[in-house]
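S.K.: make a model of this:
(one chain, ligands or ions: 1)
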Amino acid sequence: MKKVELRNVCKSYDGPPQVVTNVNVTINPGEFFILVGPSGCGKSTILRMIAGLESITGGQLLIGDQVANSLMPSERNLSMVFQNYALYPHLTVKDNIVFGLHVKKVPKEERKRRCEEVAAMLGLSDYLNRKPRHLSGGQRQRVALARAIVNESPVCLMDEPLSNLDAKLRAHMRAEIRQIQRKLGITMIYVTHDQMEAMTMGDRIMVLNKGEVQQVGHPLDIYNHPANPFVATFIGSPPMNVVDATVAHNQIHIEGIKPIDIMDSQLANKEIIQVGIRPEHISFASKEIEDKRRNIVEVVNVEVLGNETVIAFKLGAGEWMAKWSGQWRVQIGDRIPLEISYDAISVFDKESNELIKSPKVSDLHVFEHEVI
Ligand SMILES: Nc1ncnc2c1ncn2[C@@H]1O[C@H](COP(=O)(O)OP(=O)(O)OP(=O)(O)O)[C@@H](O)[C@H]1O
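M.R.: Take a look at the predicted model:
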């Protein structure tokens, strides 16, 4: 286990513009840390700088307590799993797994022991004499993982390792990678563009956009308190609905719905704001709800996801989405009553984009530790 620290790390290829700007973060020993963001935001570049496959143009990289900027990749004591697995096609699974140990001149008996151990852990024991072309995508992915683990490096880097797998296998491998990382206690730095993967796997997530860090935090903290509208709409599916609004007479005015009463003083001195609301925080407004809080909207699309229903509806000049648990018989063209309450919304500053107010989280369930 080792920590990895980036201090003001920057990267530009052949002069401006910078593709990575002033990244500051300390990744703790044994942590599962995720870099997530849209295509081209600089995730792979950061990972490759940590691996030593790309030079660092500014700032400092520390691995453990050692400044690593100018160390060769082989001197950094890291293992790496790439998107395309990068297996040697002419070598068997066994030889692929122990290739790095061979290079490091680990004795033969030790190589055999470690290979068998890791193969058993990943369900590869029956395939050790096969060539990669005779394996399925998931099995190849496991070989790449085995090759990274067998090195017993304290830090492992993964660049979109699951993107070539089908949805079911991807979900399975997510859990498997997470369990192995826990078991071995390695520090994991994992790149993905998939916010769901980031939410489900990471101890902490770093959200990037255009080479800049938007927010670093625990998945639920980011979900509940996104630092700005970019993070709010990137994390969560369907994304948070975000719209410009005005503040007047102690009410928030949003085009297409009735004014929302402001219940605290957080918005004093604001005239223009951005309001966000997660689809699951838009509620169905029953008849008992007073008229000034009921909004009748027109449904433009319905997606039934088993025990959840996603409803898209017109709002002002745009479209919003609501997500309700349970099964709802709603049709395109129906007019349905909704409530958007002050407690449910997020508010962002219009100029700085910073979060001013988060919704009240009412459905956080906490298990107390039980002694049996
Ligand atoms: N060798 C290179 N020369 C010039 N620009 C590059 C080079 N490699 C990457 N870039 C640019 O750097 C930026 C960040 O690329 P990077 O591959 O790190 O993004 P990413 O977030 O990993 O994207 P993706 O999810 O699509 O892999 C992009 O704008 C890309 O075009």
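
S.K.: which residues of the stretch 101-250 of the chain fall in strands?
M.R.: Remark: strands assigned in the stretch 101-250 of the chain by DSSP state E, counting those that start in this stretch are 155-159, 187-192, 204-209, 212-217, 241-248.

S.K.: let's have those in TSV, adding distance to Val143 and mean neighbour count.
M.R.: Bear in mind the C-beta positions are built from the backbone N, C-alpha and C, glycine included. Shown next, in TSV, are these (distance: least, C-beta to C-beta, whole Å; neighbours: other C-beta atoms under 10 Å):
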stretch	distance to Val143	mean neighbour count
strand 155-159	14	23
strand 187-192	18	24
strand 204-209	28	23
strand 212-217	32	20
strand 241-248	43	18
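
S.K.: distance to the ligand and mean pLDDT added to these, as TSV?
M.R.: Formatted as TSV, those follow (distance: least, C-beta to the nearest ligand atom, whole Å; pLDDT from 0 to 100):
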stretch	distance to the ligand	mean pLDDT
strand 155-159	8	94
strand 187-192	6	96
strand 204-209	7	98
strand 212-217	12	98
strand 241-248	23	95
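
S.K.: dump those into TSV; add distance to Asp349 as well.
M.R.: Below are those laid out as TSV (distance: least, C-beta to C-beta, whole Å):
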stretch	distance to Asp349
strand 155-159	35
strand 187-192	29
strand 204-209	17
strand 212-217	15
strand 241-248	12
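
S.K.: just the pLDDT for Glu368.
M.R.: Looking at Glu368, its pLDDT is 66.

S.K.: what's the answer for Pro16, then?
M.R.: The model's pLDDT for Pro16 equals 77.

S.K.: for the ligand, what are the nearby residues on this protein?
M.R.: The chain comes close to the ligand at residues 13, 19, 37, 39-45, 193, as judged by C-beta under 6 Å from any ligand atom.

S.K.: so which of those residues are in strands?
M.R.: Val19 (DSSP state E).

S.K.: what about the residues of the chain next to the ligand, which one has the most neighbours?
M.R.: Ranked by the number of neighbours (other C-beta atoms under 10 Å), the residues of the chain next to the ligand place Gly37 first, at 27 neighbours.

S.K.: please report how far the residue nearest to it when sequence neighbours are not counted lies from Gly333.
M.R.: Leaving aside its sequence neighbours, Gly37 sits nearest to Leu208 (C-beta to C-beta, 6 or more residues apart in numbering; 3.6 Å). Leu208 sits 40 Å away from Gly333, going by C-beta to C-beta, to the nearest Å.

S.K.: repeat that for Asn353.
M.R.: 36 Å.

S.K.: do Gln179 as well
M.R.: Gln179 is 47 Å from Gly333, by C-beta to C-beta.

S.K.: those two: who's more crowded?
M.R.: When neighbours are counted by other C-beta under 10 Å, Gln179 and Gly333 differ, and Gln179 comes out ahead with 11 against 8.

S.K.: so what's the residue count around the nearest residue in space to Ile260 that is not next to it in sequence?
M.R.: Nearest residue to Ile260, sequence neighbours excluded (C-beta to C-beta, 6+ apart): Ile252, at 4.5 Å. Residues near Ile252, counting by other C-beta under 10 Å, number 21.

S.K.: Ile252 sits in which helix or strand?
M.R.: strand 251-253 (DSSP states H and E).

S.K.: contacts for that strand?
M.R.: Contact with strand 251-253 is made by 245-247, 259-262, 267, 273, 275, 342, 345, 347, as judged by C-beta atoms under 8 Å, 6 or more residues apart in numbering.

S.K.: and the next element down the chain from that strand?
M.R.: Following strand 251-253 in sequence, per DSSP H and E, is strand 260-261.

S.K.: strand partners of that following strand, parallel vs antiparallel please.
M.R.: strand 251-253 (antiparallel) (DSSP bridges).

S.K.: off-centre distance for the partner strand?
M.R.: 33 Å (C-alpha atoms, centre = their mean, to the nearest Å).

S.K.: same question for stretch 86-99.
M.R.: 31 Å.

S.K.: residue in the stretch 151-300 of the chain nearest to the ligand?
M.R.: For the stretch 151-300 of the chain, the residue closest to the ligand is His193, as judged by C-beta to the nearest ligand atom, at 4.7 Å.

S.K.: correct me if wrong: that residue contacts Leu35.
M.R.: No. Taking contacts as C-beta atoms under 8 Å, His193 lies outside contact range of Leu35: 9.7 Å.

S.K.: overlap in contacts of the two?
M.R.: Contacts common to His193 and Leu35, judged by C-beta under 8 Å, 6+ apart, are Lys43.
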